[in-house]
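Asker: here are the coordinates; sequence isn't available:
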Ligand SMILES: Nc1[nH]c(=O)nc2c1ncn2[C@H]1C[C@H](O)[C@@H](COP(=O)(O)OP(=O)(O)OP(=O)(O)O)O1
């Protein structure tokens with residue numbers, strides 16, 4: 001079975017204590033009750049960029065434009081005990097958007113300081129890749145979950161081809 005194509009967008013803004021990121025409490029589907037990134041599945045025939053603009057609008061009522069998306073990299077979530085949950089995720093950052101975050105049927109959105117992410121309420125793997133993306137690292141993460149579909153068996157980062165260590169770009 002091949003991994004489902006999904007996409008996530010981390011909206012960023014300046015807050016009183018520094019940069020903030022928009023996450024959301026998931027109300028339906030895989031990971032219900034966890035704080036997750038905004039996003040979802042790429043529909044058949046849809047581009048990843050169209051999918052993320054649609055998902056951000058559906059889940060938060062915020063409008064984003066394709067030209068304001070910053071490609072950050074990709075994450076594979078692999079669930080050996082439940083391969084139907086395997087996902088290939090394209091991750092974007094975005095600092096330009098319109099509207100205020102509003103609760104939807106799928107997500108209750110909330111802004112968090114980038115340096116105080118709510119890891120105890122997130123997927124256990126998020127600490128492996130999310131702070132890295134938010135602080136300018138790029139590339140691909142391959143995350144494999146244990147048979148409990150919760151804890152992390154392994155997490156491997158592959159930097160973009162041609163990357164110089166410590167040289168952050170594209171953020
Ligand atoms: N291990 C993991 N770590 C993580 O941080 N997010 C994960 C994850 N496994 C899945 N996700 C996220 C990525 C993706 O946005 C979402 C997919 O969940 P679902 O299959 O329930 O679909 P959704 O209902 O979110 O999507 P749509 O129906 O397309 O809106 O879960």
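Answerer: Nice, I can see it. Because the structure is a prediction, the values reported are computed rather than measured.

Asker: from here on, just use CA atoms for contacts and neighbour counts.
Answerer: Noted.

Asker: spell out which parts of this protein neighbour the ligand.
Answerer: Counting by C-alpha under 6 Å from any ligand atom, the positions of the chain adjacent to the ligand are 6, 8, 29-30, 36, 39-41, 77, 123, 125-126.

Asker: can you put these in TSV and add pLDDT?
Answerer: As requested, those are arranged in TSV below (pLDDT from 0 to 100):
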residue	pLDDT
6	98
8	99
29	96
30	96
36	98
39	98
40	98
41	98
77	98
123	98
125	98
126	98
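
Asker: got a quick PyMOL command for the buried subset of the residues you listed?
Answerer: The following PyMOL line selects those of those that are buried, judged by 16 or more other C-alpha atoms under 10 Å:
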select buried, resi 6+8+36+39+40+41+77+123+125+126
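
Asker: can you flag which of the residues of the chain next to the ligand belong to strands?
Answerer: Counting by DSSP state E, the part of these found in strands is 6, 8, 36, 39-41, 77.

Asker: can you tell me which of those is nearest residue 16?
Answerer: Of all those, residue 16 sits closest to residue 36, with 22.6 Å by C-alpha to C-alpha.

Asker: quick check: the farthest pair among the residues of the chain next to the ligand?
Answerer: That would be 41 and 125, which, of those, are the farthest apart (C-alpha to C-alpha) at 19.1 Å.

Asker: re earlier: now, which of the ones in strands among the residues of the chain next to the ligand sits nearest residue 71?
Answerer: Nearest to residue 71 out of these is residue 8 (C-alpha to C-alpha; 10.3 Å).

Asker: for that closest one, which residues make a bridge with it?
Answerer: Residues in a beta bridge with residue 8, per DSSP bridges, are residue 39, residue 91.

Asker: can you tell me what sits against the longest helix along the chain?
Answerer: Ranked by residue count and defined by DSSP state H, the top helix of the chain is helix 48-60. For helix 48-60, the surrounding residues in contact (C-alpha atoms under 8 Å, 6 or more residues apart in numbering) are 6-9, 38-43, 62-66, 90, 100-109.
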